[in-house]
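Participant: What follows is a protein structure lacking sequence information:
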Ligand code: ARG
């Protein structure tokens, strides 16, 4: 068993001894923020003490008295307000690295209780080009799905395409009255976007170009579509097919795959039954001609998503599930989707990755679902993110103020990376430079998106994200390639990447402080993966890998590898190899490819 797992298990036992009623599943260890104090830390005792109105330091001392970790840890200290710090014994550290070098693990373990987890991400809207806003959902969702899968969960990825809804009324009017076949052939999404923009410009009563006749026609076309009109359905299918082709190209470039692409339209036949059931059970009510879910008073107003504070008063904030014209909407679709995922995929957890503007929608959705199925144990998470800003601090746009299309952004990344590679390694054949530029360009964009705290906006800067030094994808890819070149130079393990050193040493010698620091950091990989999965934050892993590369540099600059004596050389090669493997695996779950040579 890995040290952090062993410590966690023993800690949970000790807590159970002291507090027999405690839910010890919440007692977890995390990497110690400052290595001065140890390798692992837990703060769980403080919250246990708080709810019991106990003195946290006393509780910590009682737990330590029952704790049996002497075989793998130094003496455990109570710190601060009741933290416990653990420091792994050198012999345990060495043994764990040795078992990793024999290929028995890579510092993480599969979850003891694997869950069925649905990740709902990307989910662009049909007939609109994917723009930079969709990139965060796609990249974050993909890396969370990869991390959860690596940890042994059964993951189902689902692209919940916006392929049904009011935009189609307008699109149909545009298609029937304004379509330019040549433009459609040349760039289908651009043409559909033009149609949509032109017609929607006439459908907003408060805007200058408003035209009542167009609005009426859009409504009629939508009703016809939803009632199964053959002509409209055929056009709608064309629009979906054309959009899908373009989405697929982008996903291919990003290396993102989905298990399912059940768009909103898939749930259309189920919506009436869902709304009826909610009405019958009294969860939804008539509200000004519409059907909606309102507060039932069971949640304190400040946490109740069905109430909103206005002018000193709490007023209803209804979750409308059927509009007054009888039409179903985003909310009813999401309720049906949730039920389907539970019935069909037996989901234990659903993760929705969208931008922060949908927070209220998901709060209401989750609360509505809890009332509908109070018995359900499902974990529901809205993983939301902020916006991408230009260097002027305003939403990221082209110079002429248009939203940036994802395809153009990826092209530019590859072009810029190609220039950099050509400057750095002009001797490489052009095809190879293009391949490196493809990998580096796409990775740089992905990493820039994953690195910031997802809930904050971030400024998009080409120079920053492509920099070879700094916390960037190219820096980490370069660190990996550099380690691989040590193996080439040492003439060991050339060929299949990455290969453990040829002479598997019987004992690892960790003596220099840089060796120890690197080894201890390697040990944390699994805990960091777990933290990413628990909090849905890939940035933890970005920072971990960046620190890993930094510690590796410290080690490599101070501890000769190829030039040292055979035994030491073999031992240091193990450190090199494990670092390369953790880098590769870590980048892989971020959706980032590595190169053997850069
Ligand atoms: N299509 C939506 C959008 O572009 C995102 C859908 C997210 N998933 C969901 N189940 N609501 O905003």
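Facilitator: Arrived safely, thanks for sending. Nothing here was measured: the structure is a model prediction, and the numbers come from that model.
Participant: Neighbours of residue 523, how many?
Facilitator: Close neighbours of residue 523, defined as other CB atoms under 10 Å, add up to 23. All C-beta atoms are positioned from the backbone trio N, CA, C, and that covers glycine.
Participant: cool, the one 10 residues further on as well?
Facilitator: When neighbours are counted by other CB under 10 Å, residue 533 registers 23.
Participant: So what does it have for phi and psi?
Facilitator: Main-chain torsions, residue 533, degrees, to the nearest 10: phi -70, psi -30.
Participant: try residue 315
Facilitator: Phi and psi for residue 315, reported as degrees, to the nearest 10, are phi -120, psi 160.
Participant: ok now stretch 379-393, how far from the chain's centre?
Facilitator: Chain-centre distance of stretch 379-393: 11 Å, with CA atoms, centre = their mean, to the nearest Å.
Participant: What are the contacting residues of it?
Facilitator: With contacts defined as CB atoms under 8 Å, 6 or more residues apart in numbering, stretch 379-393 is touched by 132-133, 135-137, 140-141, 144, 338, 348-356, 358-359, 362-363, 366, 369, 395-397, 449, 454-461, 536.
Participant: ditto for stretch 212-229
Facilitator: Residues outside stretch 212-229 that contact it (CB under 8 Å, 6+ apart): 166, 168-170, 172-173, 176, 199, 202-203, 205, 232-233, 236, 268, 325, 327.
Participant: before we move on, back to that, so which of the contacts of stretch 379-393 are in helices?
Facilitator: Among the contacts of stretch 379-393, the members falling in helices (DSSP state H) are 132-133, 135-137, 140-141, 144, 338, 359, 362-363, 366, 369, 449.
Participant: for those residues, which one is nearest residue 60?
Facilitator: Nearest to residue 60 among the ones in helices among the contacts of stretch 379-393, counting by CB to CB, is residue 144 at 33.1 Å.
Participant: So which of the contacts of stretch 212-229 belong to helices?
Facilitator: Among the contacts of stretch 212-229, the ones falling in helices (DSSP H) are 168-170, 172-173, 176, 199, 232-233, 236.
Participant: Quickly check: the host helix or strand of residue 194 near the ligand or not.
Facilitator: In the assignment (DSSP states H and E), residue 194 maps to helix 188-200. No: counting by CB under 6 Å from any ligand atom, the ligand is not contacted by helix 188-200; separation bottoms out at 13.9 Å.
Participant: what about that helix, distance to the chain center?
Facilitator: With CA atoms, centre = their mean, you get 31 Å for helix 188-200.
Participant: buried residues in it?
Facilitator: 188-189, 191-196, 198-200 (16 or more other CB atoms under 10 Å).
Participant: Could you dump the ones in helices among the contacts of stretch 212-229 into TSV with pLDDT added?
Facilitator: Output for those, formatted as TSV (pLDDT from 0 to 100):
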residue	pLDDT
168	94
169	94
170	95
172	97
173	97
176	97
199	95
232	97
233	96
236	96
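Participant: Of these, keep whichever come out buried.
Facilitator: Using 16+ other CB under 10 Å, the buried ones in these are 168-170, 172-173, 199, 232, 236.
Participant: so which pair among the ones in helices among the contacts of stretch 212-229 is furthest apart in space?
Facilitator: Every pair of those checked by CB to CB; the farthest is 199 and 233, at 18.9 Å.
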